[in-house]
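# build me a model from this:
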Amino acid sequence: MSNAHSHTGKCFCGAVEIGVTGDPIAMGYCHCDSCREWSAGPVNAFSLWPPEAVEVTKGADHVRGFQRSPTSLRKWCEVCGGHLLTEHPLWGVTDVYAAIIPSLDFQPAFHVNYETTVLHIKDGLPKQKDMPAEMGGSGVLLPD
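Model prediction:
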């Protein structure tokens, strides 16, 4: 994973490495309760990739997962507890958390689930009430 369209990310301790190839489908911020509870933070910076563009390149035996809903299978490193990614099988994408890919030029395009935000961000980006219509949401935009 060495060209401009390939990046390597890792968990907190480095026992697990993730490779992504190509360009992300989308980048942005999620404000849903589930992401906030999982990340223990007020917002999650996401990068969505086609599942075939994401590969565990080191430490696959340390990856564990938890699925609370049909939309999200969250994965982390069993050694350090570092969060790695979330598979979204219903939407056909994998979210590799932007924070674990230091070489990715994170260019967020929008916010999702902004109706439930606990951290208002006035950045001029579109604020989806829930999800875009093409992902099963209302497609309704909220004011910045």
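
# dump the residue contacts of A133.
G139 (CB atoms under 8 Å, 6 or more residues apart in numbering). C-betas here are computed from N, CA, C, even on glycine.

# next: C77.
If you count contacts by CB under 8 Å, 6+ apart, then C77 has 11-13, 15-16, 59, 62-64, 84 around it.

# buried subset of these as a PyMOL selection?
To isolate the buried members of the contacts of C77 in PyMOL, using 16 or more other CB atoms under 10 Å:
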select buried, resi 11+15+16+59+62+63+84
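
# closest to G28 among the contacts of C77?
Nearest to G28, judged by CB to CB, of the contacts of C77 is L84 at 18.6 Å.

# thought that closest one was touching D95?
No: if you go by CB atoms under 8 Å, L84 and D95 don't touch, sitting 9.9 Å apart.

# what comes up buried for the helix or strand harbouring G65?
G65 belongs to strand 63-69 when assigned by DSSP states H and E. Going by neighbour count (16+ other CB under 10 Å), the buried part of strand 63-69 is V63.

# for it, which outside residues touch it?
Contacts of strand 63-69 (CB under 8 Å, 6+ apart): 16, 34, 56, 73-78, 84.

# determine how far that strand lies from the middle of the whole chain.
Distance, stretch centre to chain centre, for strand 63-69: 14 Å (CA atoms, centre = their mean, to the nearest Å).

# lovely, talk soon.
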